[in-house]
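> okay, sequence plus prediction incoming.
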Amino acid sequence: MKKYLIVVAGGKGVRMGGSVPKQFLSVKGKPVLMRTLEAFYSCNKGMELIVVLPEEQQSCWKHLCAEHGFHVPHKVASGGETRFHSVKNGLELIPGEEGLVGVHDGVRPFVSAEVIAECYRQAESREAVVPVIDVVETVRRLLPDGGSETVPRSDYRLVQTPQVFAVKLLKQAYAQDYVPQFTDDASVVEALGHPVYLVPGNRENIKLTTPFDLKMAEALIKD
Ligand SMILES: Nc1ccn([C@@H]2O[C@H](COP(=O)(O)OP(=O)(O)OP(=O)(O)O)[C@@H](O)[C@H]2O)c(=O)n1
Ligand SMILES: C[C@](O)(CO)[C@H](O)COP(=O)(O)O
């Protein structure tokens, strides 16, 4: 079955701050986005990769690829106003309705080969698959009166990417109008009434969101 991956890197990185877009930040000598693409390419060289980047960053990306001798084949789509709009732009580069498509955050370079394989494998029958991890701390919910209460953490999971779907289903989902509750792809698919199947993610698969996460990233790289 044909496999696609949309790697979204069209955000502003406000929480990371700094002048270099976070997907281009160097972690142990290599830009984060290259590490992310390599994680998928080393698993499956036949997967078609689509990178979504803000238009104004695309020439910088081209230069970085030349500078690092980066030859993982990929197409480039333009970033949108929100993650939803960026995914939608990436989907436009996928012809027809056959196959499976994953959506992955460009700033999650530590996804494991096992998680990638399992997400795509389960999507063949489930059509909508999301990797999640357990919550390892106690969770409190804030109450309207200003107080708070502990909630059962076993009722919750933390959501990662890649989220993998049947192409036909994801295209149908992204034809809906945007609402701010669409914070990931599963929420867009669920709005159609389609169930989402959960598989175990890997704890290292952090989203590089703040400067602290960069320190974690440096520590996670073995080479
Ligand atoms: N308009 C947007 C917004 C986000 N993303 C991507 O979605 C992923 C997850 O988003 P997040 O980590 O929240 O990135 P930013 O939106 O860039 O971060 P911030 O909210 O701090 O600005 C990132 O790879 C980001 O580039 C995107 O492609 N297009
Ligand atoms: C898609 C996502 O990575 C799942 O955890 C996450 O929702 C993206 O982060 P954002 O801050 O909502 O853009």
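Nice, thanks for sending it over. Ligands and ions are numbered 1, 2, ... in the order given.

> burial of the residue of the chain found nearest ligand 1, as a residue count?
Proximity of the chain to ligand 1 (CB to the nearest ligand atom) peaks at G11, 2.1 Å away. Using the backbone N, CA and C atoms, a C-beta is placed for each residue, glycine as well. Other residues near G11 come to 22 when the count uses other CB atoms under 10 Å.

> wait, what's in contact with it?
Listed by CB atoms under 8 Å, 6 or more residues apart in numbering, the contact set of G11 reads 22, 79, 83, 86.

> where does this structure dip in pLDDT?
223 (pLDDT under 70).

> now the residue of it found nearest ligand 2: how far from V130?
For the chain, the residue closest to ligand 2 is D184, as judged by CB to the nearest ligand atom, at 3.6 Å. Distance of D184 to V130, computed by CB to CB, to the nearest Å: 8 Å.

> more neighbours: the two, which one.
Taking neighbours as other CB under 10 Å, D184 and V130 compare with V130 leading, 27 against 19.

> give me the common contacts of D184 and V130.
159, 163.

> verify the stated contact: D185 with V103.
Yes - look at D185 against V103 with CB atoms under 8 Å: they come within range, at 4.7 Å.

> list residues touching both of those two?
87, 161, 163, 165, 170.

> any idea how far the second one is from E56?
Put plainly, it is T161. In terms of CB to CB, T161 sits 24 Å off from E56.

> before we move on, the earlier item: put the buried members of the shared contacts of D185 and V103 into a PyMOL selection.
Listed next is the PyMOL selection for buried residues among the shared contacts of D185 and V103, using 16 or more other CB atoms under 10 Å:
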select buried, resi 87+161+163+165+170
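
> rewinding a little: closest one to M47 out of the contacts of G11, please.
Checking the contacts of G11 against M47 with CB to CB, the nearest one is S86 at 19.1 Å.

> okay, now the closest one: neighbour count?
25.

> and the one 3 residues further on, by the same measure?
The number of residues packed near N89 is 19, by other CB under 10 Å.

> quick one, what contacts it?
N89 touches 10, 52, 77-80, counting by CB under 8 Å, 6+ apart.
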